[in-house]
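Visitor: Predicted model, plus sequence, below.
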Amino acid sequence: MRNKIVVTAMLTALLIVLKSYLAITTPIMRISFAFFPLALTGILYGPMWAGIAGGVGDVIGLLLYPVAGFHPGLTLSAVLSGIVYGVLLHNKTRQLWRIVCAVFINNFIISCGLSTIWVYQMTGQAVRALLPIRVVQNILMAPIMILMIWVLGYKIIALRYSKKIISGDE
C-alpha cells in the first residue's frame, strides 16, 4: 500500500510538471504529455488510484500554475480520464484496441465533449469556436498517445515485473 501511494504521488508530480511546465503552447492550442503518467497510474494501480491522481494533479497544477480559474467540471474531467485508463488497461492483457478505446474516450468524449462544455461555462467562448480546435488537437495527439502507451507504458510495466522496481504490493 505504501508503495502505491509513493509511486502514485511521483506519477502525479510528473503529470503536474508535464502539464504545467513542459507543455507546448501555441496561440490556438496546448499540447501536453500529461496523459502518460495518468495512463501509467491506471495501468499499474487501476481506476481508483488513477482517478485520484488525475484530480489531485489538476488541483495542485492549478494552484502552482494558474492559467485559468478553477472549475470543478475540469477536475471531474481529469478524474474521469484516470478512471477510463484504469478501467480499460489495469490487469488486462496488452491489446492495442484497449489503448485505442481509452484514448478515444479521453480525447473525444471527455476532452472534446465534457471539457469543451466546462471551458465554455468558464469563458463564454462559443462552442463552435472551441470545438474545431480541440478536435484537431485531439486527432493529432491520438496516434502519439497510443504509441507512447503501447511502447513506453508497457516497457515500464515489464520492468515492474522483471525487477520489482515499482511494485504496488506491500
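Guide: Yep, that arrived. Fair warning: this is a prediction, and the values are worked out from it, not measured in the lab.
Visitor: list the buried ones in the strand or helix carrying I133?
Guide: Element membership for I133 (DSSP states H and E) is helix 127-148. Using 16 or more other Cβ atoms under 10 Å as the test for burial, helix 127-148 gives L130, R134, Q137, N138, M141, A142, M145, I146, M148. For the C-beta atoms, the positions are set from N, CA and C on the backbone; glycine is no exception.
Visitor: which residue sits closest to the first one in space, ignoring its chain neighbours?
Guide: When you say that, I think you mean L130. Closest residue to L130 apart from its sequence neighbours, by Cβ to Cβ, 6 or more residues apart in numbering: T116 at 5.3 Å.
Visitor: Would you mind pulling the contact partners of stretch 25-39?
Guide: 11-12, 14-16, 18-19, 22-24, 50, 53-54, 57, 78, 81-82, 85, 89, 102, 106, 133-134, 136-137, 140-141, 145, 148-149, 152-153 (Cβ atoms under 8 Å, 6 or more residues apart in numbering).
Visitor: just the buried members of those?
Guide: 11-12, 14-16, 18-19, 50, 53-54, 57, 78, 81-82, 85, 89, 102, 106, 134, 137, 141, 145, 148-149, 153.
Visitor: re the thing from before, please identify the helix or strand for the residue nearest to L130.
Guide: Taking DSSP H and E as the definition, T116 sits inside helix 116-123.
Visitor: neighbouring contacts of that helix?
Guide: So helix 116-123 is contacted by A68, G69, H71, G73, L74, S77, Q125, A126, V127, L130, L131, R134 (Cβ under 8 Å, 6+ apart).
Visitor: now the helix or strand of the chain with the lowest mean pLDDT, how far from the chain's geometric center?
Guide: Among the helical and strand segments of the chain, the one scoring lowest on mean pLDDT, DSSP states H and E is helix 154-163, with a mean of 75. Per Cα atoms, centre = their mean, to the nearest Å, the displacement of helix 154-163 from the mean C-alpha position of its chain is 20 Å.
Visitor: do the same with stretch 116-130
Guide: Centre to centre, stretch against its chain (Cα atoms, centre = their mean), the figure for stretch 116-130 is 21 Å.
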